[in-house]
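[1] take a look and give me a structure for this.
(chains A and B, ligands or ions: 2)
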Amino acid sequence: MATRTARRTVGLFVLSTLLLLLSGIFYWQAIGADISNPHANFWRVVREGFPGFTKVSTAGHKVLIVNSGENWREIRNGILVRFSQLIIIAALVVMSLFYKFVGPDKLEKPRSGVLIERYTLGERVLHWYTAVLFVIMAITGLSLLLGRILLIPIFGHWVDSAYLQASKVLHNYCGPLLLIGILLEFVIWVRYNIPRKIDLAWFKTMGGMLGKGPRPHTGKVNAGEKGWFWLILIFGIAVGVTGIVLDFPIWGQTRSTMQLSHVIHATVAVLFVTVSFGHIYMGTVGIEGVFEGMCTGFVDAVWAQQHYDLWYEEKMHEKGERTEASS
Amino acid sequence: MARMKFLCDVERCIDCNACVTSCNNEHDVPWGINRRHVVTMDDGVSGEKSISVACMHCTDAPCAAVCPVDCFYFTPDGIVLHDKDLCIGCGYCFYACPFGAPQFPEENSFAARGKMDKCTFCAGGPLPDNSVEEYKLYGRNRIAEGKLPLCAEMCATKALLGGDGDVVSDIYIQRVVKRGGRPDTWGWNTAYNFKSEKEKKP
Ligand code: SF4
Ligand code: SF4
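    Ligands and ions are numbered 1, 2, ... in the order given. Got it, this is the predicted structure:
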């Protein structure tokens, strides 16, 4: 009897253990290993931005809630809008102070009348092609960023909208053309812009603009121009590539990619515009004779000697050789 | 004034996409644009859940905050609408919106963005109510007719609710109280409205 009861107890025990295991397996299969609340899990997954499935898969609709949009909004409406105005105003103020206290860099001797070719026609055309596009891009781009706070209060919604509609179209079409211009400039001018040792001396006095003492020796391109050249390349590619990502929404780029591209695009572009003020200043009122050089292609020998002595000597040397050869 | 709200009950939505279709039909939405879409998480796995989403008519709407031409406006009952005659199709609202509600018809050249289109809560746009021009640009203005959004009105499982936020949340609270916050088995509550023994014989 005793053994029978014992056997039955053991049997029941084994059976119940098996049943328990079995129901555990069913439970596992039914709701998965996860024993947390499925309601909460749904929203947890959604908030973490995991993509789901949708039959309407237009432009990133797989992700139910994209959190990064709110960050993008904060960055664009906050830092970008504020900082771009500040930095541009600061650059203009510095420029006018520089003009007032340092003043334009005039020719030291009267012009000789001897002209030396500095830029070929091709170089000039490319320069002005890029320059005009750059100015269009800068104005339209800044308008898109700041139009709402600067233009609407003055001109109202309708004017702002019509102007920005045109700006958007111009900005979208001119962008790729500007990128092409910048890359071509790189190709034709890179050989003059390799950094050399003598460039260090240039930076000490900023090419003789600051402080006293003799002007540093300079070849065809001075160190400041070389710096601008490389900045154009780096900034140009950064702005250009991110711009193309934004320009053509046809490659399936996600919203997060576009948000990131926009932030890089706008930040670098604002810096680009700020630095370009320096170049525009030097090329117009800052240094006498630069502007006509880029317009006509020719510079006066005195100017060349003053600003680019080594290049001047080289040119004179070439000329001497040529006259010798022809005589 | 009522504060208009959408709410989609994930325990009820069966991913039938009728809301999407009815919306496209009601407003004669251009091809390629869907003002509403249904997202299914864990598709095909036990525990999958679907939810229908369109513009949620945010109180502090990110789209309105970033629009460079400031073309959004809010109706007194909290519906977020925009003026397509002002919109320049820059896409910023689409970057900022958490739900991907703003949509853009492709223009012919380089797939440039046209004027933004999004769910209007069936409230049309700034043009005269139920005028032909309004219908062409924004779709039907059911709110002006005293009706609620079509997607929610016709939802077969009544998963999608749209209307006065207070009423919508009352309905939802009743549902939650009834079925409990934590279903044990997926599909059971949804499909069979299973009641426990205790609930049958109180
Ligand atoms: S479009 Fe997006 S951000 Fe704007 S109100 Fe609708 S859901 Fe909110
Ligand atoms: S696409 Fe239109 S509505 Fe959207 S942010 Fe740009 S201008 Fe505003």
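
[2] so B:Cys58: helix, strand or coil?
    coil (DSSP: H, G, I helix; E, B strand; the rest coil).

[3] start and end of stretch B:23-37, how far apart?
    For stretch B:23-37, the separation between the terminal residues is 10 Å (Cα to Cα, to the nearest Å).

[4] can you give me how far that stretch is from the chain middle?
    12 Å (Cα atoms, centre = their mean, to the nearest Å).

[5] do that stretch and chain A meet?
    Yes. Stretch B:23-37 reaches chain A (Cβ under 8 Å from any Cβ of the partner chain) through B:Gly32, B:Ile33, B:Asn34, B:Arg36, B:His37. Just so you know, the C-beta spots here come from the backbone N, C-alpha and C atoms, and that holds for glycine as well.

[6] just send those back as JSON lines, with neighbour count and secondary structure too.
    Below are the residues of stretch B:23-37 next to chain A laid out as JSON lines (neighbours: other Cβ atoms under 10 Å in any protein chain shown; DSSP: H, G, I helix; E, B strand; the rest coil):
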{"residue": "B:Gly32", "neighbour count": "10", "secondary structure": "coil"}
{"residue": "B:Ile33", "neighbour count": "18", "secondary structure": "coil"}
{"residue": "B:Asn34", "neighbour count": "22", "secondary structure": "coil"}
{"residue": "B:Arg36", "neighbour count": "25", "secondary structure": "coil"}
{"residue": "B:His37", "neighbour count": "25", "secondary structure": "strand"}
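
[7] and which of the residues you listed is nearest A:Gln165?
    Nearest to A:Gln165 out of those is B:Ile33 (Cβ to Cβ; 20.3 Å).

[8] do you know how far the closest one is from A:Leu133?
    33 Å (Cβ to Cβ, to the nearest Å).

[9] quick one on the thing from earlier: and the least confident of the residues of stretch B:23-37 next to chain A?
    Looking at these by pLDDT, the weakest one is B:Gly32, with 81.

[10] what segments of the chain are strands?
    Reading this off chain A. Assigned by DSSP state E, the strands in chain A fall at A:115-117, A:298-300.

[11] correction: the question concerned chain B.
    B:4-8, B:37-41, B:49-53, B:72-74, B:80-82, B:160-164.

[12] check the gap between the residue sitting nearest the centre point of chain B and ligand 1 for me.
    In chain B, the centroid-proximal residue (Cα atoms, centre = their mean) is B:Ala54; its distance is 3.4 Å. The gap separating B:Ala54 from ligand 1 is 8 Å, by Cβ to the nearest ligand atom, to the nearest Å.

[13] phi and psi next, for that residue.
    phi -140, psi -160 (degrees, to the nearest 10).

[14] which residues does it contact?
    Going by Cβ atoms under 8 Å, 6 or more residues apart in numbering or on different chains, B:Ala54 touches B:Phe6, B:Cys23, B:Arg35, B:Arg36, B:His37, B:Phe99, B:Ala101, B:Lys118, B:Cys119, B:Cys151.

[15] dump the strands of chain B to TSV, plus distance to ligand 2.
    Listed next are these as TSV, based on distance: least, Cβ to the nearest ligand atom, whole Å:
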stretch	distance to ligand 2
strand B:4-8	20
strand B:37-41	18
strand B:49-53	18
strand B:72-74	7
strand B:80-82	5
strand B:160-164	22
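
[16] for those strands, which one sits closest to A:Leu170?
    When the strands of chain B are compared by Cβ to Cβ, strand B:80-82 sits nearest A:Leu170, at 23.2 Å.

[17] circling back to that earlier point, from the contacts of B:Ala54, which single one is nearest ligand 1?
    Within these, the smallest distance to ligand 1 is 3.8 Å, found for B:Ala101 (Cβ to the nearest ligand atom).

[18] can you pull out the helices in chain B?
    For chain B, the helices defined by DSSP state H occupy B:18-27, B:62-66, B:92-96, B:132-138, B:150-154, B:165-179, B:188-192, B:197-200.

[19] got the buried residues for the fourth one?
    It stands for helix B:132-138. B:Glu134, B:Tyr135, B:Leu137, B:Tyr138 (16 or more other Cβ atoms under 10 Å in any protein chain shown).

[20] find me the pLDDT at the residue lying closest to the first one once chain neighbours are set aside, would you?
    Meaning B:Glu134. Nearest residue to B:Glu134, sequence neighbours excluded (Cβ to Cβ, 6 or more residues apart in numbering or on different chains): B:Leu127, at 3.9 Å. Among the per-residue scores, B:Leu127 holds a pLDDT of 94.

[21] wait, what's in contact with B:Leu127?
    Here B:Leu127 is in contact with B:Glu133, B:Glu134, B:Leu137, B:Tyr138 (Cβ under 8 Å, 6+ apart).

[22] output the below-cut-off pLDDT ranges for the chain.
    This is for chain A. Low-confidence segments of chain A (pLDDT under 70): A:1-2, A:24, A:26-38, A:57-60, A:207-213, A:323-327.

[23] looking at chain B here, not the other one
    Using pLDDT under 70, chain B drops low at B:108-111, B:180-202.

[24] go again using 50 as the cut-off
    Scanning chain B for pLDDT under 50 picks out B:184-185, B:190, B:202.

[25] indicate the residue of chain A located nearest to ligand 1.
    Closest point on chain A to ligand 1, by Cβ to the nearest ligand atom, is A:Gly69, at 7.6 Å.

[26] that residue reaches B:Ala61, doesn't it?
    No. Under the criterion of Cβ atoms under 8 Å, A:Gly69 makes no contact with B:Ala61, lying 11.1 Å away.

[27] burial count for residue 125?
    Since no chain was named, I'll use chain A. Using other Cβ atoms under 10 Å in any protein chain shown, the number of residues around A:Val125 comes to 11.

[28] that answer is for a different chain, and I need it for chain B
    21.

[29] measure the residue nearest to it when sequence neighbours are not counted to ligand 1 for me?
    Of all residues not flanking B:Gly125 in the chain, B:Tyr138 sits nearest, at 3.7 Å (Cβ to Cβ, 6+ apart). From B:Tyr138 across to ligand 1, the span is 14 Å (Cβ to the nearest ligand atom).
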